[in-house]
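1. everything below, folded, please.
(one chain, ligands or ions: 1)
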Amino acid sequence: IKIAVINGPNLNLLGEREKGFYGCFTYDELTTDILNFAKNNNIEVSVFQSNIEGEIINEIHRLRKWADGIVINAAGYTHTSVAIRDALIAFGKPVVEVHISNVYKRENFRHKSYISDIAEGVIAGLGKYSYIYAIDFLNNLLKK
Ligand code: DQA
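-> Have a look, this model is predicted:
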């Protein structure tokens, strides 16, 4: 099973910004935890981050060939990007939307997502475990 993890803008600053919402772990620590979980569970995983909307879209297009499923934290683009939504529809395989923070505890503009209604499911507020549980879920779904 091949699962791709995509991270959107500002997530490279994990551990430095808004620790109350996003915790103290860094982007590298998050990546290491994801890679370790994947290795222990025999899942092939790729991890990608970009601050640029078009690069995220290009990566989703590339993944049409490689990945069986996508875990995406589109960060701020979650609430704005029709184009990322359209790319995920073109991907055509299962997608899980994740957020580190509980977006429903936060400003109203974070309650709207362009991804939720085309995703298998949404996980928000579980910190780095949002990613781990999403990968575990997709792995079980795709194994069937
Ligand atoms: C986020 C929540 C978004 O609203 C925010 O813009 C982010 C990160 C999260 O992981 O909690 O950058 O996606």
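2. around the ligand, pick out the residues from the chain.
-> Taking C-beta under 6 Å from any ligand atom as the test, the list of the chain residues beside the ligand reads 10, 73, 75-76, 78, 99-101, 103, 110. Glycine gets a C-beta too; all of them are placed from N, C-alpha and C.
3. any chance of a markdown table for those, columns pLDDT, distance to Lys144 and neighbour count?
-> Putting those into a markdown table (pLDDT from 0 to 100; distance: C-beta to C-beta, whole Å; neighbours: other C-beta atoms under 10 Å) gives the following:
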| residue | pLDDT | distance to Lys144 | neighbour count |
| --- | --- | --- | --- |
| Asn10 | 97 | 35 | 16 |
| Asn73 | 98 | 25 | 24 |
| Ala75 | 98 | 30 | 18 |
| Gly76 | 98 | 34 | 15 |
| Thr78 | 98 | 28 | 24 |
| His99 | 98 | 26 | 24 |
| Ile100 | 98 | 28 | 25 |
| Ser101 | 97 | 31 | 18 |
| Val103 | 98 | 29 | 19 |
| Arg110 | 98 | 33 | 17 |
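4. of all these, which comes closest to Glu59?
-> When the residues of the chain next to the ligand are ranked by distance to Glu59 (C-beta to C-beta), Asn73 comes first, at 13.1 Å.
5. isn't that closest one up against Leu11?
-> Yes: Asn73 is within contact range of Leu11, at 6.4 Å (criterion: C-beta atoms under 8 Å).
6. grab the nearest non-local neighbour of Pro9.
-> Counting by C-beta to C-beta, 6 or more residues apart in numbering, the nearest residue to Pro9 once its immediate chain neighbours are dropped is Asn51, at 4.3 Å.
7. what does Leu63 give?
-> Spatially, and ignoring its direct neighbours in sequence, Leu63 is nearest to Ala4 (4.9 Å; C-beta to C-beta, 6+ apart).
8. so that neighbour, which of the three states?
-> Ala4 carries the three-state label strand when classified by DSSP: H, G, I helix; E, B strand; the rest coil.
9. what bridges to it?
-> Counting by DSSP bridges, Ala4 forms beta bridges with Ser46, Ile70.
10. show me the contacts for it.
-> Contact criterion C-beta atoms under 8 Å, 6 or more residues apart in numbering gives 45-48, 59, 63, 66-67, 69-71 as the residues in contact with Ala4.
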